[in-house]
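Chemist: just to be clear, the model below is a prediction. Sequence and coordinates:
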Amino acid sequence: MRVMRILIVEDDRDAASYLVKAFREAGHVADHAADGETGLALAEDGPYDVLVIDRMLPKRDGLSLIGELRRKGRETPVLILSALGQVDDRVKGLRAGGDDYLPKPYSFSELLARVEVLSRRRATGAPDTLYRVGDLELDRLTHRVARAGEEILLQPREFRLLEYLMKNAGQVVTRTMLLEHVWDYHFDPQTNVIDVHVSRLRSKIDKGFDRPLIHTIRGAGYSVRA
Amino acid sequence: MNRLRTLLSTTAFKIIAAYLFIFVLFAGVVIGSLGFATQRLFTDQITETVEAEVRGLAEQYAIGGIRRLVNVIDERARRPGASLYMVATFSGEVVGGNIGDLPPGTLGLQGWIETDYRRADETSPTKPHRALAQVYGLPGGFRLLVGRDLEERDRMREIFGRGFRLSLLFALVLGLIGAYFVTRRVLKRIDAMTESSQRIMAGDLSGRLPVAGTRDELDRLAGSLNVMLARIETLMTGMKEVSDNIAHDLKTPLTRLRNRAEEALRTASGDDAFKAALGGIIDESDGLIRTFNALLMIARAEAGNQREGMAPLDLGEVVSGLGELYEPSAEEAGMSLSVSAEPVRILGSRELIGQVVSNLVDNAIKYGRTEGSDARIELSARAEDGFAILTVADRGPGIAEADHARVLERFVRLETSRSRPGSGLGLSLAAAVARLHGGSLTLADNGPGLKVVLRLPRWVDEASHAHGKV
C-alpha cells in the first residue's frame, strides 16, 4: 500500500486529533492545521497527496482557502469535510475547487476510502483503456468483460459498476461512492439497493471460481482485488 | 409640544399643507383677476362719463365763450355727485369749479391724469381724495380740468383686498383644523400599528396589526403585513414542531444507543462481543443520522429556501433511473417493479425528487405486499395537462382513508408498521418536497393497495415552445 501524506485543516481539536490518529493507524502520514491561514501556508509548502478541509474555519474559511490554492496553481486533491451537507452546499464546495465533499457526520472508513481514491487518481496518469485484476479483464473501449478468458455478458449498469470498482482496484469503495459515481445520485437510500446490485454483479463475476474478486469490507463497502 | 411637532412632521400634514398652499394661490388668482376686471370697468365708465361731460362743456364754450363755460361749470358743481371741475387762468388763479386744491403743476399737464385733490367746500385739511381727470388748454391761456372722484373705485378695490385676506385666513384656519384632525386620525392608527408590532416583536407571534375596514392604503398595508406575519407564524410553528419532534423521537434511538453501550460495558466479555456491540452502535447511529438528515431536509423544504437549487429536469428520466436502481431490490423481496415513464419536464431539484421517489419505492417494497396478492409495484411518470404526475402504487394492505392525512405528518407510523425499520418521515418528506415544487401529494386507494400520487407543475421551456414542441 502506498503511504499518503495528508493535511487535515480542522478547527475542532477533538475531531482533528481523531482524524490524525485514524490516518496514522491506517498507515499514512497526517499533519494538522487549526485555522485557515496556517492551513493555506502548510498546503502551499508541504508535498501533500490529499488535503482534508473543513468549511467553517477561523481566520480564513475553507472555500476561500481552496480558491486561493487553486489560483496559485496548486492541484493537490481536496476533500471538503463539512456540517453543511445539503445539495446546494455540496455544489458550492465542488465549484470552489474541491474534488470531493463529505458531509458530517461521516464514518472514517468512508473518508479513508474517498481520500485513497483521490490520491490514486493523481498518481495514475492517462486513463487506462484496459483494467485487469487477477484473471478478470475489462476493456473500456469494446465494453468486453472476461474472466479466465471466458467472456461475461453484463448489463450496461453492471458494466459501469464493475468499471468503477476495477478503476479503484485494491481500494475500498463505499456504497455512497457507488451511488454517486455509477448512478449519479447524491442522496441517501434508506435500504440496501446498492448491495443488491453488487451481489448480482458478484454472481456473474465470482460464481464458479475458487477465488472471489469482489470483496465486501464490513462497515465500509466493497473492494475488487485479486 | 412634542406631540404637535410629531403631528407637523407627519406625511399627512405635509400633504395637507401643500394642498392648502395651492388652494390659497388659486383663491388669490381668482379674486385678483376679478378685482382687476372690476376696476377696469370702473375706470372705463369714469373716462366715458368725463368725455361726455367734456363734449357738453365744449358745446357751451362754443356758444358762449369762457364766461358761459364758467357759469355752466359753477351750476354743475353745485349738484351733488362725483364730478369735478376747475377752470383757471394762465397764472393759476381759479375762476370756477368745485376743486379747492391741486398739487402744484397739475394744470400744466395735458390729457388723462390721476391726481390728488381737495374739494372747494372742505374747510379743515383732511386726507386728499383721488381723481381721474382730463386737462385742456383753452384759448386765452385758460385751463380746464374735468374729472371724477375715484372713491368708489378705491372702495371696491379695498373690498376685494379685504375679501382676499379674509378668505386666506379662513382657508388657513379651516385647513389647519382639518389637517390636525386628519393627521391625528392617521397618527392614531399608525400608533396602534406600532404598538401591535412591538407586541408581536416581543414574542406574541399570533398578534396581528389592526385593520380599520376602510380598505384604504393603511388597511392594505396592514393586511399584507398580516399575511406576512401569518406566513412567519406558520414557519415558526413548523420550526417548533421540528424541534419538538427531534426532542421526542430522536431521544428514543439516542437512549437505545446509550443502553447498548452501557450493556456492552457491563456484560460483554471478549473482543467479539465488544465488536458486535460496537457494530450495533454504529448501525444505530447511522439510523439516527438518516432520520436527522430527513428532518433537516423537510425543514428546509418547508422553509422553501431551496428554490435556487432547482433546474429543469425530466421526471421520466428520474423515474426510469430509480426504477432501474430499485428493480433488483424489489425482485429480491419477491415483488415485481414495473416502470412506465414518459418524458415530462419539471423545474425541480433532482436530488430531492430522487430522494422522494426512492423513499416511496422503498415504502412500497417494505409494506406493499399481502399474502396471496401479485405483489406488483407500479412506478410511473406521465404528463397530464399542466402537471407532471408521478405515481407509486402497490398491491399491499394500503392505508385506511381515515389515516391518509395523518400519515403525512412527521414521524407518524401506523401501528401495523411500527415493528419494521424506518423513521416515519418518508411521506412527510414527500409532501414537503411536493409543496416546495408548487405541487401536491395525495394518497389514494389502489384497490387493493396504496397509491401515492405526486402532482408537480410542468416546466415549459420558452425556447422549445418556439420550435413547436412542448
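Modeler: Ah, there it is. Numbers count the residues shown, from 1 in each chain, chains lettered A, B, ... in the order given.

Chemist: tell me the residues on chain A that lie near chain B, please.
Modeler: Applying Cβ under 8 Å from any Cβ of the partner chain, we find that chain A lies next to chain B at A:85-88, A:91, A:105, A:107, A:157, A:183, A:185-193, A:196-197, A:200, A:219. The way it works is simple: take the backbone N, C-alpha and C, and place the C-beta from them, glycine included.

Chemist: now the stretch 101-250 of chain B against chain A: closest residue?
Modeler: When distances are taken as Cβ to the nearest Cβ, the stretch 101-250 of chain B reaches nearest to chain A at B:L250, 13.5 Å away.

Chemist: contacting residues around that residue?
Modeler: B:288, B:291-292 (Cβ atoms under 8 Å, 6 or more residues apart in numbering or on different chains).

Chemist: and the nearest residue to B:R256 once chain neighbours are set aside, how far from A:H32?
Modeler: Closest residue to B:R256 apart from its sequence neighbours, by Cβ to Cβ, 6 or more residues apart in numbering or on different chains: B:E284 at 6.0 Å. Remark: distance between B:E284 and A:H32 (Cβ to Cβ, to the nearest Å) = 30 Å.

Chemist: do B:R119 as well
Modeler: Counting by Cβ to Cβ, the separation of B:R119 from A:H32 is 118 Å.

Chemist: and chain B, which of its residues are near chain A?
Modeler: For chain B, the contact set with chain A under Cβ under 8 Å from any Cβ comprises B:279, B:282, B:285-286, B:289-290, B:293, B:296-297, B:300, B:306, B:308-309, B:321, B:324-326, B:328-329, B:332, B:349, B:351-352, B:354-355, B:358-359, B:362, B:365, B:422, B:426.

Chemist: what segments of the chain are strands?
Modeler: Reading this off chain A. Remark: strands assigned in chain A by DSSP state E are A:5-9, A:29-33, A:50-54, A:78-82, A:100-103, A:130-133, A:136-139, A:144-147, A:150-152, A:173-174, A:214-217, A:221-224.

Chemist: switch to chain B, that's the one I care about
Modeler: B:83-88, B:94-97, B:99-101, B:111-119, B:129-137, B:143-149, B:311-314, B:336-341, B:345-348, B:376-384, B:387-393, B:440-445, B:450-457.

Chemist: coming back round to it: list the contacts of the residue nearest to B:R256.
Modeler: B:253, B:256-257, B:260.

Chemist: please apply the same query to A:I66.
Modeler: By Cβ under 8 Å, 6+ apart, the contact list for A:I66 reads A:53, A:78, A:80, A:96-98.

Chemist: if we use 7 Å, what do you get?
Modeler: A:53, A:78, A:96-98 (Cβ atoms under 7 Å, 6 or more residues apart in numbering or on different chains).

Chemist: need these in JSON lines (columns: neighbour count).
Modeler: Shown next, in JSON lines, are the contacts of A:I66 (neighbours: other Cβ atoms under 10 Å in any protein chain shown):
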{"residue": "A:I53", "neighbour count": "28"}
{"residue": "A:V78", "neighbour count": "29"}
{"residue": "A:A96", "neighbour count": "18"}
{"residue": "A:G97", "neighbour count": "18"}
{"residue": "A:G98", "neighbour count": "24"}
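
Chemist: and these as a markdown table, adding pLDDT?
Modeler: Shown next, in a markdown table, are those (pLDDT from 0 to 100):
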| residue | pLDDT |
| --- | --- |
| A:I53 | 91 |
| A:V78 | 91 |
| A:A96 | 84 |
| A:G97 | 84 |
| A:G98 | 86 |
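
Chemist: just these now: which is nearest B:R220?
Modeler: For the contacts of A:I66, the closest approach to B:R220 (Cβ to Cβ) belongs to A:A96, at 44.5 Å.

Chemist: without its sequence neighbours, what residue ends up closest to the closest one?
Modeler: A:L63 (4.3 Å).

Chemist: can I see the domain layout of chain A?
Modeler: Residue ranges for the domains of chain A, per automatic domain parsing: A:5-124, A:130-224.

Chemist: put the alpha carbons of the helix or strand of chain A with the lowest mean pLDDT into PDB.
Modeler: Between all helices and strands in chain A, the lowest mean by mean pLDDT, DSSP states H and E belongs to helix A:87-95, at a mean of 79. The C-alpha trace of helix A:87-95 is given here as PDB (Å, rounded to 0.1, in the frame of the first residue of the first chain):
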ATOM      1  CA  VAL A  87     -27.100  19.500  -2.200                       C
ATOM      2  CA  ASP A  88     -26.500  23.200  -2.900                       C
ATOM      3  CA  ASP A  89     -23.700  23.300  -0.200                       C
ATOM      4  CA  ARG A  90     -22.000  20.400  -2.000                       C
ATOM      5  CA  VAL A  91     -22.300  22.100  -5.300                       C
ATOM      6  CA  LYS A  92     -20.800  25.300  -3.900                       C
ATOM      7  CA  GLY A  93     -17.900  23.300  -2.400                       C
ATOM      8  CA  LEU A  94     -17.200  21.500  -5.700                       C
ATOM      9  CA  ARG A  95     -17.400  24.700  -7.700                       C
END
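
Chemist: if we can go back for a sec, make a markdown table out of the domains of chain A and add distance to B:G28.
Modeler: Listed next are the domains of chain A as a markdown table, based on distance: least, Cβ to Cβ, whole Å:
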| stretch | distance to B:G28 |
| --- | --- |
| domain A:5-124 | 66 |
| domain A:130-224 | 76 |
